[in-house]
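In: my questions are about this predicted structure, shown below with the sequence.
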Amino acid sequence: MKKTFMGVKLRKLRAERGMTQIALAQALELSPSYLNQLEQNQRPFTVSVLLKLSRALGVDIQQFSEDEEARLLAGLKEALADAAQPISLPEFQEVAGQMPGLARAVIDLYRRQHQLLERLETLSSQWGDDRSRPEPLVSQPFELVRDFFFAHQNHFDTLDRAAEKLAAQAQTSPVDRAAWLEQTLAQRGIQVQREAGAQGSKRSFDPLSRVLTLSSELAPAQQAFQMATQLALQAFSADIEALIQVPPFTHNEPARRLVRVGLANYFAGAFLLPYGEFLQAAETLRYDLELLGKRFQVGLETVCHRLSTMQRPGAPGVPFFFVRVDRAGNISKRQSATHFHFSRVGGTCPLWNVYEAFSRPGQILAQLARMPDGRRYLWVAHSITQGEAGYGSPRRTFSIGLGCDARHAHRLVYARGLDLQDPGAETPIGMGCKVCERPACPQRAFPYVGRALSVDENRGPSAPYGSWVEPEPRQG
């Protein structure tokens, strides 16, 4: 088992609390010499020490977890993949494990640089198309909101418990909850009406007339979701505001509005699938997506999205990652309850089963996958089609993926028939070609940006960009 050394984090925590070494040692019921050895990385952290930190100081032990270190490690490797001097894995591990604040700062700088390069590219294309003046660029707040949800492990306990309490008050079956929500909104002076087409909108609320218009094309569960979202924005606005009184939402109005909608949607999902009831059903049914959807009368995407939020302190479910992609590889939704890192550049991996799902509609596909760093995951993928019924109506096709660390795979029905211990059963995937260091991948679309290519005109390699110059050993 890997030993965990996190002395820098412990020293930082002690400094933030204004405590001396002796005071912290007393609070943790440790000897000062033992605490000093922990801070100097001369002794590894133990589960006992982490639990003492949690009990004595109310510390979230997630910040001392290997999952968080793995996420930072992946982010650093992506951010510094094209560094002038190759950086070794031990150096990345040292920064991610011992200096997480520095790691986050480096990752944040990289993201800002990438956003600026995208803006520059857009600006250049606008100047080059014979127009006298480029149109102003609009900053997109989506990444800010995604990072906010990721930082909270995609779980907001206050909203989750409020939604669960409301669901208990409703005491309705999944079939009757839409009628209950409509009645509840009426008690708050909001009239619900349904309109065919509804101008392409699922939900439209007029604050002046206090009329909520829903598309008549929505299924009962979708109508309930939209009404629960509106109820959250009206009745639980204070709870939502309490969560977002942090940068960047205090000075970025578009991001603030978007995160409010995101949290209202979170509340709606928690109302339709109450935490305790849904977790018990998920464990009993071994996380069978179709059976869960049938029991709660919701679609597979709603089930997958809710599963990625089940991280209540003291009663967590399997920590899942959830993605929704289109045929072009664009990720339109991504939520993670744990460390899995989604690449922001270079596309995703074509060997990932979320893309195979497009060619096998109606089937749920399971894949045991291994990342370049050796971590193993079980991925479940399924294609979905959305849109209004009728010939010629616009339709949208996506693939949704739900994944978890392989150590949790035995809890899922989708592990049935898979040899979880056989390396030959694993599919090697990566975060994206530009940041994936696998040298012999036949599906590679771009060379790995972390090393210089070694091109030999007298050889025809079987894999594109399949070889590159190994880095010189670092000196010192």
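Out: Nice, thanks for sending it over. Numbering: from 1, shown residues only.
In: okay, CA-based contacts and neighbour counts for the rest of this
Out: Will do.
In: can you pull out the strands in this protein?
Out: For the chain, strands defined by DSSP state E occupy the ranges 191-195, 203-206, 211-215, 311-312, 315-316, 320-325, 331-336, 365-370, 376-387, 395-405, 427-428.
In: so the protein: which segments form each domain?
Out: Domain assignment for the chain, taken from automatic domain parsing, gives 7-104, 151-272, 315-435.
In: turn the ones you listed into JSON lines, including mean pLDDT, distance to A281 and mean neighbour count.
Out: Shown next, in JSON lines, are these (pLDDT from 0 to 100; distance: least, CA to CA, whole Å; neighbours: other CA atoms under 10 Å):
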{"stretch": "domain 7-104", "mean pLDDT": "78", "distance to A281": "26", "mean neighbour count": "16"}
{"stretch": "domain 151-272", "mean pLDDT": "92", "distance to A281": "14", "mean neighbour count": "17"}
{"stretch": "domain 315-435", "mean pLDDT": "85", "distance to A281": "11", "mean neighbour count": "18"}
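In: any chance of JSON lines for these, columns distance to Y448?
Out: Formatted as JSON lines, the domains of the chain follow (distance: least, CA to CA, whole Å):
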{"stretch": "domain 7-104", "distance to Y448": "8"}
{"stretch": "domain 151-272", "distance to Y448": "28"}
{"stretch": "domain 315-435", "distance to Y448": "5"}
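In: closest to R112 out of the ones you listed?
Out: Evaluated with CA to CA, the domains of the chain place domain 7-104 nearest to R112, the distance being 10.7 Å.
In: now do that closest one: distance from first to last residue.
Out: End-to-end distance of domain 7-104 (CA to CA, to the nearest Å): 18 Å.
In: ditto for stretch 368-386
Out: 28 Å.
In: what's in contact with it?
Out: Contact with stretch 368-386 is made by 353-354, 357-358, 360-367, 395-406, 409, 414-415, 418, 420, 425-431, 436-438, as judged by CA atoms under 8 Å, 6 or more residues apart in numbering.
In: for T309, find the nearest of the domains of the chain.
Out: Closest among the domains of the chain, using CA to CA: domain 151-272, at 5.1 Å.
In: what's the span of that closest one, first residue to last?
Out: 24 Å.
In: for it, the distance to its chain's centre please.
Out: 21 Å (CA atoms, centre = their mean, to the nearest Å).
In: same deal with stretch 376-386?
Out: 15 Å.
In: okay if I get the strands of the chain as JSON lines plus distance to A224?
Out: As requested, those are arranged in JSON lines below (distance: least, CA to CA, whole Å):
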{"stretch": "strand 191-195", "distance to A224": "11"}
{"stretch": "strand 203-206", "distance to A224": "11"}
{"stretch": "strand 211-215", "distance to A224": "10"}
{"stretch": "strand 311-312", "distance to A224": "24"}
{"stretch": "strand 315-316", "distance to A224": "26"}
{"stretch": "strand 320-325", "distance to A224": "22"}
{"stretch": "strand 331-336", "distance to A224": "21"}
{"stretch": "strand 365-370", "distance to A224": "29"}
{"stretch": "strand 376-387", "distance to A224": "18"}
{"stretch": "strand 395-405", "distance to A224": "22"}
{"stretch": "strand 427-428", "distance to A224": "39"}
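In: ok, which of those strands comes nearest A105?
Out: A105 lies closest, by CA to CA, to one member of the strands of the chain: strand 331-336, at 20.6 Å.
In: what's next to that closest one, contact-wise?
Out: Taking contacts as CA under 8 Å, 6+ apart, the residues outside strand 331-336 that touch it are 146, 149-150, 153-154, 305, 308-309, 319-326, 342.
In: rerun at 6 Å
Out: Residues outside strand 331-336 that contact it (CA atoms under 6 Å, 6 or more residues apart in numbering) are 321-325.
In: over to stretch 248-261?
Out: By CA under 6 Å, 6+ apart, the residues outside stretch 248-261 that reach it are 141, 145.
In: again, only this time at 8 Å
Out: Residues from elsewhere that reach stretch 248-261 (CA under 8 Å, 6+ apart): 140-142, 144-145, 229, 233, 240-241, 244.
In: quick revisit: closest to Q297 out of the strands of the chain?
Out: Nearest to Q297 among these is strand 376-387 (16.3 Å), distances taken as CA to CA.
In: in the sheet, which strands lie alongside the closest one, parallel or antiparallel?
Out: Within its sheet, strand 376-387 is paired with strand 365-370 (antiparallel), strand 395-405 (antiparallel), according to DSSP bridges.
In: by how many degrees do the longest one and strand 320-325 diverge?
Out: Spelled out, it's strand 395-405. Per axes from the mean of the first three to the mean of the last three CA atoms, to 10 degrees, the angle that strand 395-405 makes with strand 320-325 is 160 degrees.
In: just the CA atoms of strand 395-405, as CSV, please.
Out: Presented in CSV, the C-alpha positions along strand 395-405 are these (Å, rounded to 0.1, in the frame of the first residue of the first chain):
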residue,chain,number,x,y,z
ARG,A,395,-33.4,15.5,-32.9
ARG,A,396,-30.2,15.4,-30.8
THR,A,397,-28.2,12.3,-30.1
PHE,A,398,-25.7,12.0,-27.2
SER,A,399,-23.8,9.3,-25.4
ILE,A,400,-23.8,9.4,-21.7
GLY,A,401,-21.1,7.7,-19.6
LEU,A,402,-20.9,6.8,-16.0
GLY,A,403,-17.6,5.7,-14.5
CYS,A,404,-16.1,4.7,-11.2
ASP,A,405,-12.8,3.5,-9.8
